[in-house]
Each structure stands twice: as structure tokens, then as C-alpha cells.
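In: Here is my input, please return the structure:
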Amino acid sequence: MVLMDDVRGFRDQRRALVACSSPEALQFLDELKGAPVDHLWLDHNLVGTDTVDPHPPAHPLRAKTGSAQNMGQIHIHTTNLSAGHRMGVVLRAPGCPVVRSDALTMWTRPFC
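Out: Below you'll find the model as predicted:
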């Protein structure tokens, strides 16, 4: 499980690789070297001006998630509704399994 979020952690303290920036998340995905990722949790706004927005098509995250054979469920949990919708559209286009996860009770703050 990989969590990309700079302010939230899981309230139930489930185990996850936590990335507070998109470069850190891409490094985790590179280090996994094709191993299955059962759940990938994505927030949109990260540290400073960093975002997870996988647009345009050359964005490294889109390449990692859109072409990965071992990508399980992708959860978009951003509170930015328009960005979350856009992320879902872009990631669903190549067939990625994407859901919106809006349950605010599952998070604790701050994390990073």
C-alpha cells in the first residue's frame, strides 16, 4: 500500500509506504520494481506547489499507474473536488481501477 499525502495518515494506523511529495512517491514505485501495489491512495495537493495531477499524458505518475500491470485499487481522497474528478478521468482512461474515497473519519492529522 502506498499513501501519497503530506498531511494525513490512516487513523487505524494500517501499514503503508507514505510519500509526502510526488518525487518521493515515484521513487517508492520505482523501488517496488513491478511488485504488486494493492492500494494506491492519492491526495492532490502536496507540499508547496507539488500536486499529484497526472496530466499531461507524459506525467510520470500517469505512466507508472496507467501502464502498470500490478496496480490494484487507486483511491483518490483529495478534498479538491475538481482536481479529484480530473485525476479520476485521466487515470480511468487507460483502464485503471479508480474510486473516490471521501470518508473523512479514516484520517488523522498531521502526518508529515
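
In: so what pLDDT did the residue nearest in space to the middle of the chain get?
Out: Using CA atoms, centre = their mean, the residue of the chain that lies closest to the mean C-alpha position is residue 42, 2.4 Å off. You'll see residue 42 listed with a pLDDT of 87.

In: likewise the one 5 residues further on?
Out: Looking at residue 47, its pLDDT is 70.

In: how close does it sit to residue 105?
Out: In this structure, residue 47 and residue 105 are separated by 25 Å, where distance is defined by CB to CB, to the nearest Å. Using the backbone N, CA and C atoms, a C-beta is placed for each residue, glycine as well.

In: Looking at these two, which is more packed in?
Out: Comparing residue 47 with residue 105 by neighbour count (other CB atoms under 10 Å), the higher total belongs to residue 47, at 14 against 5.

In: Is that one in a helix, a strand, or coil?
Out: coil (DSSP: H, G, I helix; E, B strand; the rest coil).

In: my read: it touches residue 23, true?
Out: No. Shown here, residue 47 and residue 23 do not form a contact pair, counting by CB atoms under 8 Å, at 10.0 Å.

In: can you give me the helices in the protein?
Out: Across the chain, reading from the start of the chain, the helices by DSSP state H fall at 22-32, 60-67, 81-92.

In: Using CSV, lay out the ones you listed together with mean pLDDT and mean neighbour count.
Out: Formatted as CSV, the helices of the chain follow (pLDDT from 0 to 100; neighbours: other CB atoms under 10 Å):
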stretch, mean pLDDT, mean neighbour count
helix 22-32, 83, 17
helix 60-67, 60, 17
helix 81-92, 85, 17
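
In: how about the ones you listed in JSON lines, adding distance to residue 6?
Out: Converted to JSON lines, those look like this (distance: least, CB to CB, whole Å):
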{"stretch": "helix 22-32", "distance to residue 6": "10"}
{"stretch": "helix 60-67", "distance to residue 6": "15"}
{"stretch": "helix 81-92", "distance to residue 6": "15"}
